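S.K.: coords please:
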Amino acid sequence: MPAIKSLTVLYDALNEEGTFSEGDTIRGKVTLAVEKPTAVQSFFVKVKGDAQVRWTTRSGNHNHTHSARCRYFKLKHFLIAESANETVLPPGVHVYNFSFTIPSTSMPSSFKGTHGKILYMLEAKLSRSWKVDKTADKIIIFHSKSFPHLQSLMLKQVAVKDKELGIFSSGKVHMEVTVDRTAYAPGETAVVVAKINNNSSSDMTPKVRLSQAIVYTASGRTKHENSTVNKMAGQNIGAHSEKEVRWAVKIPTHQEPTIKNCDIISVEYFLKVYLDISFAFDPEVTFRVMIIPPSLASASRPAVSGPGWASHNSDFHPAAASAPHYHPSPHRYSGDQAYSVTPPSYPANPSSHAGPPAMNPAPMVWGFNPERSSYGSPFLHSSSSSVLHPPPNPQAFQPPAPAFSPHPSAPSAPPESHPAPSAPSYDPPPYMSATNFLSQSDEPPPAYSLIFPSSTNDESRETK
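M.R.: Reported below is the predicted structural model:
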């Protein structure tokens with residue numbers, strides 16, 4: 001009966017895909033089951049990342065092997081330290097925990113091709129004297145995050161091609177092609193639009209092809225491997241006619257990612273749109289596209305604040321766009337986007353109450369509300385108490401004169417006896433900007449006698 005019954009190594013997944021990237025921590029456990037007391041010389045678990053290529057060429061009667069290898073990292077953790085005195089394990093199941101932090105340096109994604117591979121692996125190894133080593137391993141799927149200028153890869157690509165036809169055909173062909181972006185995750189769809197002006201005497205068929213190009217490098221030699229991932233054809237375009245063709249090019253779910261940060265293996269993708277013309281050189285345009293991990297694709301897209309909001313090209317400040325009191329509306333605003341705002345309710349005398357905190361400095365536009373006013377003014381005029389009116393201008397009002405007192409020496413009424421004048425309702429001209437009157441002070445207006453001195457003293461001087 002063998003002394004070792006089983007040896008397994010497992011790790012805890014960080015996400016649904018079970019993938020790891022630069023800087024992630026791998027945690028797991030190694031389980032060893034022994035049937036009888038076992039003397040162990042050393043017992044450790046390690047994680048490593050390697051790239052290797054190998055292919056053979058024939059020259060005459062001789063075969064030449066070209067190979068290369070790159071090691072990105074190797075980390076080891078001893079579960080039982082190596083020593084001159086062996087450690088005896090009792091029968092039973094022994095569980096050991098481990099933890100590794102992957103280096104944060106740029107490393108390529110996992111890959112497996114015809115002539116090379118990039119492999120990341122966990123391995124547990126048990127060594128005994130005069131016995132064959134017992135090993136167990138577990139492959140790790142590694143997705144690189146080293147894609148510089150990721151946001152720019154989400155912008156569309158445009159290319160134009162003009163070609164004169166000759167010999168068997170005459171005329172000119174004009175083709176303008178647009179691809180919605182550069183980077184895609186496996187399972188996504190590339191949208192390709194081609195506007196074709198066939199001002200020639202030949203018929204032609206528009207076609208699109210997504211291809212993969214792999215280059216293996218070793219000992220100064222290279223090995224190229226090209227394959228077609230997806231291809232589609234459009235309807236025939238007759239002579240002297242125009243047509244717009246649209247394709248939805250599907251990226252396979254398990255497609256290998258783009259690899260540009262490995263010295264011995266590179267993986268690239270190209271999207272070629274061309275016109276198939278009989279007895280002529282096909283005019284074509286080629287776009288470089290990238291396959292990136294799904295986590296990077298979702299993180300690089302602009303966030304959407306709600307079901308009725310547009311993307312990052314909104315006319316609203318990000319802080320204002322996230323305010324909870326904005327709601328979608330069928331009415332349109334600049335940029336063909338829908339917005340609507342319900343004005344808050346304030347008392348008739350805003351200056352006699354403390355104002356709320358300062359409003360967001362982002363520009364705010366009051367949307368048109370047909371139930372309150374027939375005008376699209378920023379401040380709606382209505383008899384409803386919920387309508388926001390413009391602030392009063394202190395210099396535009398004359399407060400009412402106080403009641404005449406027959407005794408000049410009588411003290412004037414305190415300022416609190418004269419309430420602040422209420423603001424009239426009016427619609428300001430469009431060129432006037434809205435004033436943030438909520439930030440005004442809540443102090444009462446000054447006494448009338450301080451602004452306009454009493455004329456009683458003047459009359460008494462004239463009488464004398």
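S.K.: which regions of the stretch 51-200 of the chain sit below the pLDDT cut-off?
M.R.: Counting by pLDDT under 70, the stretch 51-200 of the chain contains low-confidence ranges at 168.
S.K.: now the strands for it?
M.R.: 62-80, 87-89, 92-101, 111-112, 116-127, 134-142, 157-165, 171-179, 183-184, 189-200 (DSSP state E, counting those that start in this stretch).
S.K.: okay, the ones you listed in CSV with mean neighbour count next?
M.R.: For glycine as for every other residue, the C-beta is placed from the backbone atoms N, C-alpha and C. Converted to CSV, those look like this (neighbours: other CB atoms under 10 Å):
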stretch, mean neighbour count
strand 62-80, 14
strand 87-89, 14
strand 92-101, 14
strand 111-112, 14
strand 116-127, 20
strand 134-142, 16
strand 157-165, 15
strand 171-179, 19
strand 183-184, 24
strand 189-200, 19
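S.K.: ok, which of those comes nearest F281?
M.R.: Closest of the strands of the stretch 51-200 of the chain to F281 is strand 157-165, at 7.7 Å (criterion: CB to CB).
S.K.: just name whatever secondary elements that closest one is in contact with.
M.R.: Secondary-structure packing of strand 157-165 (3 or more CB pairs under 8 Å, 6 or more residues apart in numbering; DSSP states H and E): strand 171-179, strand 284-291.
S.K.: can you list the strands that the shortest one pairs with?
M.R.: Going back to what we said before, that points to strand 284-291. With DSSP bridges as the test, strand 284-291 is paired with strand 183-184 (parallel), strand 265-276 (antiparallel).
S.K.: okay, the last one in PDB with CA atoms only?
M.R.: So the one you mean is strand 265-276. The C-alpha atoms that make up strand 265-276 are tabulated as PDB, following Å, rounded to 0.1, in the frame of the first residue of the first chain:
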ATOM      1  CA  ILE A 265       5.300  35.600 -28.600                       C
ATOM      2  CA  SER A 266       3.100  38.300 -30.100                       C
ATOM      3  CA  VAL A 267      -0.600  38.000 -30.900                       C
ATOM      4  CA  GLU A 268      -2.400  40.700 -33.000                       C
ATOM      5  CA  TYR A 269      -5.700  41.100 -34.700                       C
ATOM      6  CA  PHE A 270      -6.600  42.900 -37.900                       C
ATOM      7  CA  LEU A 271     -10.000  43.800 -39.400                       C
ATOM      8  CA  LYS A 272      -9.800  44.100 -43.200                       C
ATOM      9  CA  VAL A 273     -12.600  45.500 -45.300                       C
ATOM     10  CA  TYR A 274     -12.200  45.100 -49.100                       C
ATOM     11  CA  LEU A 275     -14.100  45.000 -52.400                       C
ATOM     12  CA  ASP A 276     -13.900  41.800 -54.300                       C
END
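S.K.: that one vs strand 116-127, what angle?
M.R.: 150 degrees (axes from the mean of the first three to the mean of the last three CA atoms, to 10 degrees).
S.K.: buried set for strand 265-276?
M.R.: Neighbour-count burial for strand 265-276 flags 265-269, 271-276 (criterion: 16 or more other CB atoms under 10 Å).
S.K.: which pair in these spans the largest distance?
M.R.: I265 and L275 (33.7 Å).
S.K.: wait, isn't H240 in contact with S202?
M.R.: No - under the criterion of CB atoms under 8 Å, H240 is not in contact with S202, lying 10.0 Å apart.
S.K.: in terms of packing, which of these two has more residues around it?
M.R.: Taking other CB atoms under 10 Å, H240 and S202 do not tie; S202 has more neighbours (19 against 11).
S.K.: my guess is that one contacts I277. True?
M.R.: Yes - counting by CB under 8 Å, S202 does reach I277; the two are 5.4 Å apart.
S.K.: overlap in contacts of those two?
M.R.: In terms of CB atoms under 8 Å, 6 or more residues apart in numbering, S202 and I277 are both contacted by the residues 165, 169.
S.K.: give the closest residue to L153 in space, chain neighbours not counted.
M.R.: Among residues not flanking L153 along the chain, A183 sits closest, at 3.7 Å (CB to CB, 6 or more residues apart in numbering).
S.K.: sorry, that was for F78
M.R.: Using CB to CB, 6+ apart and skipping the chain neighbours, the partner closest in space to F78 is F44 (4.5 Å).
S.K.: tell me the contacts of the one you found?
M.R.: Each residue near F44 by CB under 8 Å, 6+ apart is listed here: 76-80, 82, 124-125.
S.K.: how about those in TSV, adding distance to V289?
M.R.: Listed next are the contacts of F44 as TSV, based on distance: CB to CB, whole Å:
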residue	distance to V289
K76	39
H77	40
F78	45
L79	45
I80	50
E82	50
A124	40
K125	42
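S.K.: these: which two are farthest apart?
M.R.: Between any two of these (CB to CB), the greatest distance is 14.4 Å, for E82 and A124.
S.K.: could you dump the strands of the stretch 51-200 of the chain to a markdown table with distance to K48?
M.R.: Shown next, in a markdown table, are the strands of the stretch 51-200 of the chain (distance: least, CB to CB, whole Å):
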| stretch | distance to K48 |
| --- | --- |
| strand 62-80 | 4 |
| strand 87-89 | 25 |
| strand 92-101 | 10 |
| strand 111-112 | 16 |
| strand 116-127 | 6 |
| strand 134-142 | 10 |
| strand 157-165 | 38 |
| strand 171-179 | 38 |
| strand 183-184 | 29 |
| strand 189-200 | 35 |
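S.K.: now S129. Nearest residue, chain neighbours left out?
M.R.: Using CB to CB, 6+ apart, the closest residue to S129 is Q41 (5.6 Å).
S.K.: likewise for H66?
M.R.: H66 sits nearest to A218 (CB to CB, 6+ apart), 4.2 Å away.
S.K.: also K125?
M.R.: T135 (5.0 Å).
S.K.: and the one you found, what does it touch?
M.R.: 7, 123-126.
S.K.: and of these, the nearest to F142?
M.R.: Closest to F142, out of all of the contacts of T135 and judged by CB to CB, is E123, at 15.1 Å.
S.K.: make sure the closest one is actually in contact with I139.
M.R.: No - with contact defined as CB under 8 Å, E123 does not reach I139; the gap is 10.0 Å.
S.K.: so who does R58 touch?
M.R.: H64.
S.K.: from H66, how far out is it?
M.R.: The gap separating R58 from H66 is 12 Å, by CB to CB, to the nearest Å.
S.K.: wait, isn't T56 in contact with H64?
M.R.: Yes - if you go by CB under 8 Å, T56 and H64 touch, sitting 6.8 Å apart.
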